[in-house]
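Colleague: Have a look at this prediction, sequence included:
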Amino acid sequence: MKGGKSKADSRNPDSKLSVKKRKQKREKKAKDPNKPKRPPSAFFVFMEEFRKQFKEENPNNKLVAVVGKAAGDKWKSFTDEEKAPYVARAEKRKQDYERQMQAYNRRLEGGHGEEGSDKSKSEVNDDDEEGSGEEEEDDE
């Protein structure tokens with residue numbers, strides 16, 4: 001063999017190291033539990049209602065895939081007029097979501113303001129210390 005080490009020998013240690021490095025880089029951000037959930041699409045609004053009907057008609061069915069397939073087939077067969085109420089409900093939920101997100105973002109901005117207010121509290125505490133020094137000067 002001319003090159004000394006085989007390719008397999010040289011790959012094993014490197015591949016293990018590269019996998020570890022990738023795992024370290026892919027840390028997920030912590031999700032904020034207070035953040036509003038995205039609104040469902042018109043199809044998912046339809047699915048909420050369809051699941052109830054399907055369970056009543058097929059009480060022995062435990063497969064989610066069967067429910068999803070039946071709902072998808074029914075949704076595809078709908079005309080635009082039949083989809084309209086679900087689209088309207090989805091649009092209303094979207095508007096509610098946008099209002100909730102605006103309020104959430106204001107709270108976040110206020111949260112940064114709170115950090116700033118912590119700084120101002122320390123400044124206030126500094127002022128209090130200075131104020132207490134002034135009082136001592138007044139007492140003398």
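Modeller: That came through fine. Residues are numbered from 1 along each chain as shown.
Colleague: C-alpha from now on. contacts and neighbour counts both.
Modeller: Noted.
Colleague: measure Lys92 to Lys83 for me?
Modeller: 14 Å (Cα to Cα, to the nearest Å).
Colleague: Of the two, give the one with the bigger neighbour count.
Modeller: Between Lys92 and Lys83, counted using other Cα atoms under 10 Å, Lys83 has the larger neighbour count: 16 against 13.
Colleague: quick one: contacts for that one?
Modeller: Contact analysis of Lys83 by Cα atoms under 8 Å, 6 or more residues apart in numbering lists 42, 75.
Colleague: And it, how far from Lys37?
Modeller: 23 Å.
Colleague: Show me which residues of the strand or helix carrying Lys52 are buried.
Modeller: In this assignment (DSSP states H and E), Lys52 forms part of helix 42-57. Neighbour-count burial for helix 42-57 flags 42-43, 45-47, 50-51, 54 (criterion: 16 or more other Cα atoms under 10 Å).
Colleague: Report the mean per-residue pLDDT for that helix.
Modeller: Averaging pLDDT along helix 42-57 gives 94.
Colleague: May I have the helix or strand that comes right after it exported as CSV, CA atoms only?
Modeller: Later in the chain than helix 42-57, the nearest helix or strand by DSSP H and E is helix 64-77. Taking C-alpha atoms only, helix 64-77 is exported to CSV below (Å, rounded to 0.1, in the frame of the first residue of the first chain):
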residue,chain,number,x,y,z
VAL,A,64,-54.7,10.2,12.8
ALA,A,65,-53.7,9.6,9.2
VAL,A,66,-57.1,8.3,8.2
VAL,A,67,-58.8,11.4,9.7
GLY,A,68,-56.3,13.7,7.9
LYS,A,69,-56.7,11.9,4.6
ALA,A,70,-60.5,12.0,4.7
ALA,A,71,-60.5,15.7,5.7
GLY,A,72,-58.0,16.5,2.9
ASP,A,73,-60.2,14.7,0.3
LYS,A,74,-63.3,16.5,1.6
TRP,A,75,-61.5,19.9,1.6
LYS,A,76,-60.4,19.4,-2.0
SER,A,77,-63.9,18.6,-3.1
